[in-house]
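Colleague: Got a predicted structure here, sequence first:
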Amino acid sequence: MFCPFCAVQLGDAPKFCPSCGMNVGFLTEHPSTSSSVGHGPTVNETSIQGRAAQFMRFREVKEAERRTFSKAKKKPNITVKISIGIMTRTKYGLKPIRGKTLPLNVEPLWSSKQILPAAIKKQRDFNQDTMYDGEYVLVYPDGSQVQNIPGTDRPFVLEHYKEAIGKAYQRIVLYICPLQDLSHGDDSSSESDDEAFARLPLKILPKQCPPTMSRPSDGQANGAGAEPKNNTSCDSYNTYTKIYAPVVIDSSCSDVEDVENFQEEDRDTDIGLTAADILSNLSFNINTMSCSRFNINRANVWDGALRGFKRSSFDPTCSLLVKFTDDIGQTEEAVDTGGPTREFLTLLMDAIKTSRFFEGKDDGKYLSFDSKAAEGDEYFQVGRMVAVSIV
């Protein structure tokens, strides 16, 4: 044992240090502490070593647990939104039904077999008037069935299709089509490929009276009576040739020059402006320095056109500037140099043809009266739309 003040070695439990005279009695009162000063670790060092050993054991246990559960956590299912429409067969082929496109929540890793039942359920819930019991298939906007990614042999997956087409999920549009409409189109196309039609030219007989079936007689009276019959048949034949000669003409016939001269005489005798001249004059008066702007949604062309034509700032003598928008109001990036305007007017004429203003078959429409449309001055607006479309 040593003196804590002068470091002189002490005897057995002295009260005072023989060298410096300081009181060292407290060393005998805490023998464990005094013995630890010169020999072995202190209490704090012992507790620290125990905690370190305990931490190492805890670390080994946790590492063993991590090695046991080394599976990665599952990623949450991401839901995206695409558009689903209905496509049916018309006389012009497979065409989508306007106004029947709905948003659909799907997952990026879904295939066509998973998208199809969800699309059918969505359309049955909200478009019961156009859905019927039967088998449907999923088709692209061009009418081809969804099986592989276009241009590749990879099976269809929505995420891969999005990367291939280069569009956002919100701008992807797929359609469901009845299987019988799709198969009917394939059958008709195969039949049309197998069959061949040939049109044979008609030959024009020379200008002479066809022989009559009257029986000849020796008397002059019978001979005189035969002349009016021959004249009547000649007149009928001449009328027939005048009507059908401009339609089918044999190049080897000697009457070609006569027919051309006849047509030139008819054109020379035509006095006044033609419809093409009138349209040319009207289009010449269009002011290209100013324009009337239209924001049109393809899903509802009629409402957008009616609002635009009813605006007080609309001037039919100005040119049109059309921008197409989607269902959420985002405009397309195309610049109207004439193409969007022509597409808008074509869609507008199709919408007018199938509207309440006309009734009847597709090839035999006639004007009908609608009191609500008459009160809203919509008949006048329809006439203005048709005039603008023609000019």
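Modeller: Cool, the structure landed.
Colleague: Which residue ranges of this protein form helices?
Modeller: In the chain, the helices defined using DSSP state H lie at 26-29, 31-38, 43-68, 112-126, 158-165, 179-194, 220-244, 256-269, 275-284, 301-310, 339-353, 371-375, 378-390.
Colleague: Does the longest one pack against any helices or strands, and if so which?
Modeller: Yep, that's helix 43-68 we're talking about. When contacts are defined as 3 or more Cβ pairs under 8 Å, 6 or more residues apart in numbering; DSSP states H and E, helix 43-68 packs onto no helix or strand at all. Quick note: C-beta positions are derived from backbone N, CA and C, even for glycine.
Colleague: what comes up buried for that helix?
Modeller: For helix 43-68, burial by neighbour count (16 or more other Cβ atoms under 10 Å) applies to no residue.
Colleague: what pLDDT, on average, does it get?
Modeller: Mean pLDDT, helix 43-68: 80.
Colleague: Any regions of the chain where pLDDT drops low?
Modeller: By pLDDT under 70, the weakly predicted segments of the chain are 1, 29-46, 70-73, 184-272, 328-329, 333-337.
Colleague: tell me the domain ranges of it?
Modeller: Annotated domains of the chain cover 80-187, 220-269, 276-390 [automatic domain parsing].
Colleague: Would you mind saying which of these lies nearest residue 10?
Modeller: Nearest to residue 10 among those is domain 80-187; the distance by Cβ to Cβ comes to 83.8 Å.
Colleague: Show the contacting residues for residue 321.
Modeller: Shown in contact with residue 321 (Cβ atoms under 8 Å, 6 or more residues apart in numbering): 291, 292, 293, 294, 336, 341.
Colleague: Select from those the one having the most neighbours.
Modeller: Of all those, residue 294 has the most neighbours under the rule other Cβ atoms under 10 Å, reaching 23 neighbours.
Colleague: Residues in a beta bridge with that one, which ones?
Modeller: For residue 294, the beta-bridge partners under DSSP bridges are residue 322.
Colleague: Roughly how far does it sit from residue 341?
Modeller: 9 Å (Cβ to Cβ, to the nearest Å).
Colleague: Now for residue 348, how many residues are close by?
Modeller: 23.
Colleague: Mutual contacts of residue 294 and residue 341, please.
Modeller: Counting by Cβ under 8 Å, 6+ apart, the common neighbours of residue 294 and residue 341 are 320, 321, 322.
Colleague: Between the residues you listed, which sits nearest residue 134?
Modeller: residue 322 (37.5 Å).
Colleague: Could you pull up the residues touching that closest one?
Modeller: Residue 322 neighbours (Cβ under 8 Å, 6+ apart): 294, 296, 336, 340, 341, 343, 344.
Colleague: Please repeat the previous calculation with a cut-off of 10 Å.
Modeller: 291-296, 304-305, 308, 334, 336, 338-345 (Cβ atoms under 10 Å, 6 or more residues apart in numbering).
Colleague: Now residue 352: closest residue in space, sequence neighbours ignored.
Modeller: residue 382 (5.9 Å; Cβ to Cβ, 6 or more residues apart in numbering).
Colleague: residues touching the one you found, list them.
Modeller: Contacts of residue 382 by Cβ under 10 Å, 6+ apart are 302, 305, 306, 309, 348, 352, 355, 357, 358, 367, 373.
Colleague: Show me just the buried residues among these.
Modeller: With neighbours counted by 16+ other Cβ under 10 Å, the contacts of residue 382 contain buried members at 302, 305, 306, 309, 348, 352, 357, 373.
Colleague: from the residues you listed, which two are the most distant?
Modeller: Taking Cβ to Cβ, no two of the buried ones among the contacts of residue 382 sit farther apart than 348 and 373, at 15.8 Å.
Colleague: what would the contacts of residue 382 look like in CSV with distance to residue 59?
Modeller: Shown next, in CSV, are the contacts of residue 382 (distance: Cβ to Cβ, whole Å):
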residue, distance to residue 59
302, 73
305, 74
306, 75
309, 78
348, 75
352, 79
355, 78
357, 83
358, 84
367, 89
373, 82
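Colleague: for those, which one is nearest residue 176?
Modeller: Comparing those against residue 176 with Cβ to Cβ places residue 302 closest, at 24.3 Å.
Colleague: How many residues are close by the closest residue to that closest one other than its chain neighbours?
Modeller: Ranked by Cβ to Cβ, 6+ apart and with sequence neighbours excluded, the top spatial neighbour of residue 302 is residue 351, at 4.5 Å. For residue 351, the neighbour count with other Cβ under 10 Å is 18.
Colleague: Residue 351 reaches residue 297, doesn't it?
Modeller: No - taking contacts as Cβ atoms under 10 Å, residue 351 lies outside contact range of residue 297: 11.9 Å.
Colleague: joint contacts of those two?
Modeller: Common neighbours of residue 351 and residue 297 (Cβ under 10 Å, 6+ apart) are 99, 303.
Colleague: close enough to count as contact, residue 338 and residue 319?
Modeller: Yes - under the criterion of Cβ under 10 Å, residue 338 makes contact with residue 319 at 9.5 Å.
Colleague: residues contacting the nearest residue to residue 79 once chain neighbours are set aside?
Modeller: Closest residue in space to residue 79, ignoring its immediate chain neighbours: residue 105 at 5.1 Å, by Cβ to Cβ, 6+ apart. By Cβ under 10 Å, 6+ apart, the contact set of residue 105 is 79, 80, 81, 82, 118, 122.
Colleague: ok, the fifth one - how many residues close by?
Modeller: For residue 118, the tally of surrounding residues (other Cβ under 10 Å) stands at 15.
Colleague: how far away is the nearest residue to residue 283 once chain neighbours are set aside from residue 281?
Modeller: In this structure, residue 283 finds its nearest non-sequential neighbour in residue 391, 5.4 Å apart by Cβ to Cβ, 6+ apart. Distance of residue 391 to residue 281, given as Cβ to Cβ: 10 Å.
Colleague: more neighbours, those two?
Modeller: Between residue 391 and residue 281, counting by other Cβ under 10 Å, residue 391 is the more crowded of the two (15 against 11).
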